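[1] predicted model, plus sequence, below.
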Amino acid sequence: MVQIVRERRDAFGETAEAAKGLLIDHARRRGRAAATNDSGRFEMLQREAFDDGWQSLEELPAFKTEVQTETPRTIITRNDSPDISFDRSINPYRGCEHGCSYCFARPTHAYVGMSPGLDFETKLFAKDGAAKLLEKELSKPGYTARSIAIGTNTDPYQPIEKQQRIMRELLEVLEAFDHPLAIVTKGSLVTRDIDILSRMAAKGLAKVAISLTTLDRTLSRAMEPRAAAPARRLAMMRELSDAGIPVSVMAAPVIPGLNDNEIERLLESAHTAGAREAGYVLLRLPLEVAPLFQDWLLRHYPDKYRHVVSLIRSMRGGKDYDADSNTRMTGVGPYAWQIGRRFEMAARRLGLNTERRQLRTDLFKATPAAPTVPKKKVSASSANQLSLF
């Protein structure tokens, strides 16, 4: 096996991995969305494994989930983006085992010298001591409480949370401080924490948004290979709502030509399941996400490939992505306008967003009601979205 520097593009401007037959073997990446593991954008060399004629790649094992420990200095991330309605967030994990093909967080893996492709789905980082850090930061003199968003980058309820329990520990700290939080997730583990969330919701301190991309199980399995199935997400909404926890639905991302025909049905199903607020975000393809998603689309829906890419570019000023904070969530142009109006009309018809639940900040206390010593974790080392806050 050798490593080389190579770039391949087809006449339409996208990477042509599938056509060249240089994808990582399907058996090795079973249950993963990405089919490549190209080096991150900060690396000096672009490395690519290929068979040199001696079947050397056949000896490589399948990709397994690996969890490493990351020790951050702080746990609350601040932002001042004008199109985001929260100014602080927490991400318990770096990387996400759900492996969504469209995930805009993939490029963050390049910061640790790893690939936004398969590495992002298989080489994960758990933030050790996150609960203690949070307790320390909330106890600082002068700290002012505002809603903390969790799940805005990677999912706090991805499968490794079952062993790591970092999100559970964070909730214990937030409850002790009576600190408001809003969660976005597509992970079924959120129902495990209904006991804490229901108590916080009763005080006006918690709300949960469930990401629902499609009702088509086949599409969901291909696009979000290790996330909860659509029917399970609707069941999650019902369980949370029945427990008195305010539930929102995130129709995100809306992918033109692929799932945008489901907008009305998504909202109707979510409303029936108990959601009373809703938001949507147009597909975002920053940096390495664009070629990864285009490769996924070419492999799974080759007949729709050119149409979908053309529609995406028509809503991004002719580019794969435009980071302009005024339009990055909704896009521009006639097709983007149509998506927005359809969403608004369906939400209005169903009575969604008629009353947005504002989380309370006046209950916050700088000294917790009880000690919040995190429980010992089991090692697993081998193992409009933003308007909702």
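    Noted; the coordinates are in hand. Numbers count the residues shown, from 1 in each chain.
[2] helices or strands up against the longest helix anywhere in the chain?
    The helix that spans the most residues within the chain, counting by DSSP state H, is helix 334-350. Counting contacts by 3 or more Cβ pairs under 8 Å, 6 or more residues apart in numbering; DSSP states H and E, helix 334-350 is packed against helix 263-272, strand 277-282. Backbone N, C-alpha and C define where each C-beta goes, glycine included.
[3] thought Gly187 was touching Pro159, still the case?
    Yes - with contacts counted by Cβ atoms under 8 Å, Pro159 reaches Gly187, the gap being 7.5 Å.
[4] now the common contact residues for those two.
    Residues touching both Pro159 and Gly187 (Cβ atoms under 8 Å, 6 or more residues apart in numbering) are His98.
[5] and these two? Which one has more around it.
    Gly187 (28 against 20; other Cβ atoms under 10 Å).
[6] grab the nearest non-local neighbour of that one.
    Excluding the flanking residues, the one nearest Gly187 by Cβ to Cβ, 6 or more residues apart in numbering is Tyr157, at 2.9 Å.
[7] what about that neighbour, neighbour count?
    Each residue near Tyr157 was counted by other Cβ under 10 Å, and the total is 28.
[8] could you give me the average pLDDT of the longest helix of the chain?
    In this model, helix 334-350 has an average pLDDT of 98.
[9] nearest to Thr367, of the helices and strands packed on helix 334-350?
    Nearest of these to Thr367, taken as Cβ to Cβ: strand 277-282 at 32.5 Å.
[10] quick check: angle from that closest one to helix 263-272?
    If you take axes from the mean of the first three to the mean of the last three Cα atoms, to 10 degrees, strand 277-282 sits at 150 degrees to helix 263-272.
[11] show me what strand 277-282 is packed against.
    strand 247-254, helix 263-272, helix 334-350.
[12] again, 10 Å this time
    strand 206-211, strand 247-254, helix 263-272, helix 334-350 (3 or more Cβ pairs under 10 Å, 6 or more residues apart in numbering; DSSP states H and E).
[13] what pairs with that strand, and is each one parallel or antiparallel?
    strand 247-254 (parallel) (DSSP bridges).
[14] before we move on, the earlier item: pLDDT wise, what is the residue nearest to Gly187 at?
    98.
[15] next: Thr15.
    Thr15 is given a pLDDT of 44.
[16] try the one 5 residues further on
    Reading off the confidence values, Lys20 has pLDDT 39.
[17] quick revisit: okay, the helices and strands packed on strand 277-282 in TSV with mean neighbour count next?
    Below are those laid out as TSV (neighbours: other Cβ atoms under 10 Å):
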stretch	mean neighbour count
strand 206-211	26
strand 247-254	26
helix 263-272	19
helix 334-350	16
